[in-house]
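need a 3D model of the sequence below.
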Amino acid sequence: MTTSPRADLIVSGQIATLAGESGWGWQPTLAIAGGRVIGAGPESEIEALAGPSTGRLRIPDGHMAMPGITDAHLHLMELVLGESHVDLNGMNLPQTLAALAAADFDRRLEGDDDGWLLGHGWSMHDLGRWPDADMLESVAPGRPIALYAHDHHARWVSRAAIRMAEIDGARGEALGELVRRDANGRPTGVLHEAAGSLPDVAFPEPARDELHVWLAAVARRLAGLGLTGCHDPGVLNDDLAMARGPIFYRDLAEEGTLSLRVHSSIRSGQLADAIELGWRSGQTVGRYTAGWLKLFSDGSLGSRSAALLEPYLDMDFNRPTGGPRGMVVTGADELRELLSRAGAAGIAGQVHAIGDAAVRMALDVFEELPAVDLPLMRRIEHAQLVDPLDQPRFGALGVAASMQPVHLRSDATQEREAWGVRAEETFPLRGLLKGGALIPFGTDAPVEPPDPWPGIAAAFARRDPFDAEAVPVGIDHAIGLERAVRAACLDPTLVAGRTDLGRLLPGYVADLIVVPRILAEDEPDPAEIASIRPLLTMIDGEVVHGAF
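Predicted coordinates for the structure are as follows:
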């Protein structure tokens with residue numbers, strides 16, 4: 001006679017299980033044992049699973065439990081490394097230079113006169129112009145500095161950094177116009193796209209213990225936002241041995257010290273090593289899963305390097321990178337070759353494509369590739385502008401659209417200036433869903449903060465959720481809040497081939513959060529949704545944030 005397992009914990013209240021194809025899947029009681037859900041249903045049924053040592057958790061009135069959120073596009077290692085970086089988000093030029101001067105001063109007080117100063121978050125639009133190395137020299141003379149732009153598609157470096165990374169020599173010349181130059185051919189200090197990684201060869205390698213401490217700090221903050229997992233699209237190509245990404249996460253998972261669930265991808269420069277090591281999509285060790293091969297077909301809107309079907313409308317005063325229609329970073333032939341090589345080795349592909357021309361090219365390549373049975377779905381990252389003719393192709397080809405609706409808040413003005421009326425096809429959620437595509441949501445942190453709630457709110461409001469006067473972008477592509485929640489919780493796990501994540505049903509991992517019940521109201525206030533903070537977060541049935 002088989003006996004039912006005894007519950008470690010019984011949760012009661014309003015529980016959104018996300019059972020079925022739609023709706024919240026409400027249940028009043030949940031039983032958890034060994035880190036997994038073993039029962040979801042009426043209290044009378046679930047209490048039968050209780051034992052003498054079973055704990056009880058009653059969800060407070062006005063709140064609900066739901067599956068934990070998986071960010072489908074979060075640069076986890078960049079967040080980890082960013083623990084030691086200067087944050088320049090939202091600053092104008094005087095504020096930026098003052099922040100860098102202060103950081104340099106603090107370093108010198110500590111006895112560091114010539115170590116690297118790293119940072120991120122500046123925007124050409126906030127600064128009012130493209131910056132240059134001489135600005136950095138004026139506030140931190142002689143110091144090597146490398147600062148990623150807000151979109152991470154450009155980097156601002158100092159004269160010392162240019163010398164140390166040999167950007168003014170053959171290395172820089174090999175990348176042509178990706179290294180911005182003045183009238184005399186001298187690097188100005190702005191590096192675009194692939195050139196942005198040139199300084200990395202001169203950086204000191206962070207210690208493993210240091211990375212572990214930083215990761216734990218980042219994971220605590222993410223848990224406080226309701227994140228129980230993420231898809232990390234990979235670190236920079238200088239880490240050819242994958243030591244700062246997949247291998248680091250896997251080692252922590254084997255030790256039982258990985259603080260959240262991570263699906264970790266590789267970049268093209270790491271593909272040969274990955275194949276040599278037998279690295280395969282879907283390999284899972286504890287909280288770590290091997291992800292995708294991440295490729296780039298174009299640049300970004302912020303750097304005007306996204307590849308478009310039609311010319312940029314604002315090119316007269318905002319020169320696009322690469323030409324009137326932006327630039328192709330990796331052409332169709334190279335995409336096809338890399339994806340084919342990866343697929344043959346059991347590695348699924350994900351392709352960054354922001355402009356509508358890049359999206360079409362990526363879809364064409366996926367359509368041409370022979371079918372390979374892999375546990376992870378093929379996907380296009382961002383799909384920020386998608387021509388209406390291409391929207392149904394995602395579902396037809398089994399390609400997921402990994403999207404970041406939070407950009408509807410930060411990019412609305414640029415989208416209208418650069419794309420005109422075509423901006424109404426920005427993040428075309430409804431069109432993609434109509435064609436049967438999955439739409440896993442992410443934040444693209446640290447490009448945006450890793451807070452998932454503004455993006456969830458923007459998916460149905462189609463505007464900055466904190467600005468009721470903002471004009472929505474692409475209002476015809478708004479989706480309901482319940483579907484937006486599924487895109488944040490369930491779609492990322494389906495794309496990753498995980499049939500035991502993203503729902504609160506028997507057999508599923510007990511990753512859950514407790515949030516205000518306003519999430520399920522008929523007419524929610526976007527600002528309230530965007531401001532949600534979980535009372536409690538569990539991973540594997542263990543409380544990692546909050547208590548009540």
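
now do the lowest-mean-pLDDT helix or strand in the chain: distance to the chain's middle.
Evaluated with mean pLDDT, DSSP states H and E, the helix-and-strand set of the chain has its lowest mean pLDDT in helix 170-173, which scores a mean of 73. Averaged C-alpha coordinates place helix 170-173 at 31 Å from its chain's average position (Cα atoms, centre = their mean, to the nearest Å).

and the helix or strand that it is followed by, which strands flank it?
Taking DSSP states H and E as the definition, the helix or strand that follows helix 170-173 towards the C-terminus is strand 179-181. Partner strands and pairing direction for strand 179-181 (DSSP bridges) are strand 187-192 (antiparallel).

please enumerate residues in contact with the strand it pairs with?
For strand 187-192, contacts defined as Cβ atoms under 8 Å, 6 or more residues apart in numbering pick out 130-136, 153-159, 162, 167-168, 172, 177-182, 198-199, 299, 303, 305, 321. Yep, even glycine has a C-beta here, placed from its N, CA and C like the rest.

return the subset of the residues you listed lying in helices.
The helices in this structure, assigned by DSSP state H, contain 133-136, 159, 162, 172 from those.

kindly indicate the member of those residues with the most neighbours.
Highest neighbour count within these, by other Cβ atoms under 10 Å: residue 136, with 28 neighbours.

quick one, what contacts it?
With contacts defined as Cβ under 8 Å, 6+ apart, residue 136 is in contact with 100, 143, 145, 156-159, 189.

I'd say residue 408 and residue 424 touch.
No: counting by Cβ atoms under 8 Å, no contact exists between residue 408 and residue 424, whose distance comes to 11.7 Å.

follow-up on the earlier one: which of the contacts of residue 136 lies closest to residue 416?
Closest to residue 416 out of the contacts of residue 136 is residue 156 (26.2 Å), distances taken as Cβ to Cβ.

could you find the closest non-adjacent residue to the closest one?
The spatial neighbour of residue 156 that comes closest, neighbours along the chain excluded (Cβ to Cβ, 6 or more residues apart in numbering), is residue 147 at 4.5 Å.

the one you found and residue 317, how far apart?
From residue 147 across to residue 317, the span is 24 Å (Cβ to Cβ, to the nearest Å).

then residue 374?
Noted for residue 374: a distance of 45 Å to residue 317, by Cβ to Cβ.

and these two? Which one has more around it.
Using other Cβ under 10 Å as the criterion, residue 374 and residue 317 rank with residue 374 on top: 18 against 6.

now that one: which helix or strand?
In this structure, residue 374 sits in neither a helix nor a strand according to DSSP H and E.

and residue 263, backbone torsions?
Taking degrees, to the nearest 10, you get phi -100, psi 120 for the backbone angles of residue 263.

spit out the contact partners of it.
Under the criterion of Cβ under 8 Å, 6+ apart, the neighbours of residue 263 are 229-232, 289-291, 496.

would CSV of those with pLDDT, distance to residue 123 and neighbour count be doable?
Formatted as CSV, the entries for the contacts of residue 263 read as follows, by pLDDT from 0 to 100; distance: Cβ to Cβ, whole Å; neighbours: other Cβ atoms under 10 Å:
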residue, pLDDT, distance to residue 123, neighbour count
229, 98, 29, 27
230, 98, 24, 28
231, 98, 25, 32
232, 97, 24, 23
289, 97, 33, 26
290, 97, 34, 24
291, 97, 29, 27
496, 97, 32, 29
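
quick one, helices of the stretch 201-350 of the chain?
Across the stretch 201-350 of the chain, reading from the start of the chain, the helices by DSSP state H, counting those that start in this stretch fall at 208-225, 246-255, 271-277, 332-344.

which residues touch the first one?
This points to helix 208-225. By Cβ under 8 Å, 6+ apart, the surrounding residues in contact with helix 208-225 are 69, 71, 76, 79-81, 83-84, 230, 244, 248, 252, 257, 259-260, 450-453, 533-534, 537, 539, 544-546.

how many residues are close by the residue lying closest to residue 442 once chain neighbours are set aside?
Here the nearest residue to residue 442 in space, its sequence neighbours aside, is residue 73; by Cβ to Cβ, 6+ apart that works out to 3.1 Å. Other residues near residue 73 come to 26 when the count uses other Cβ under 10 Å.

do the same with residue 109
When neighbours are counted by other Cβ under 10 Å, residue 109 comes out with 8.

pLDDT score for residue 240?
Reading off the per-residue confidence, residue 240 sits at a pLDDT of 64.

what do you get for the one 3 residues further on?
Per-residue pLDDT puts residue 243 at 78.

in this protein, where is pLDDT below threshold?
1-4, 236-241, 548 (pLDDT under 70).

you'd agree residue 507 is up against residue 40?
No: counting by Cβ under 8 Å, residue 507 sits too far from residue 40 to count as a contact (10.2 Å).

between the two, who's got more neighbours?
Set side by side, residue 507 and residue 40 give different neighbour counts by other Cβ under 10 Å, the larger being at residue 40 (24 against 10).

so the residue nearest to residue 442, which of the three states?
Judged by DSSP: H, G, I helix; E, B strand; the rest coil, the three-state class of residue 73 is coil.

contacts only, for it.
Contacts of residue 73 (Cβ under 8 Å, 6+ apart): 231, 233, 381-382, 402, 404, 440, 442-444.

relative to residue 28, how far out is it?
As defined by Cβ to Cβ, residue 73 lies at a distance of 34 Å from residue 28.

just residue 99 next, same as before
Taking Cβ to Cβ, one finds residue 99 at 51 Å from residue 28.

what do you get for residue 183?
Applying Cβ to Cβ, the value for residue 183 to residue 28 is 71 Å.

identify the bridge partners of residue 27.
For residue 27, the residues forming beta bridges with it (DSSP bridges) are residue 15.

and what of residue 509?
Those that pair with residue 509 in a beta bridge, by DSSP bridges, are residue 36.

would you agree it is in contact with residue 33?
No: at 11.9 Å, residue 509 does not count as touching residue 33 under the criterion of Cβ under 8 Å.

look at the two and report which has more neighbours.
Neighbours per residue (other Cβ under 10 Å) separate residue 509 from residue 33, with residue 509 holding more: 26 against 20.

just the CA atoms of stretch 433-440, as CSV, please.
Included here for stretch 433-440 are C-alpha records, laid out as CSV according to Å, rounded to 0.1, in the frame of the first residue of the first chain:
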residue,chain,number,x,y,z
LEU,A,433,-0.1,35.9,-29.3
LYS,A,434,-2.7,35.7,-32.1
GLY,A,435,-0.1,33.8,-34.1
GLY,A,436,0.4,31.3,-31.3
ALA,A,437,3.8,32.6,-30.1
LEU,A,438,5.1,32.5,-26.5
ILE,A,439,6.2,35.9,-25.2
PRO,A,440,8.5,35.4,-22.2
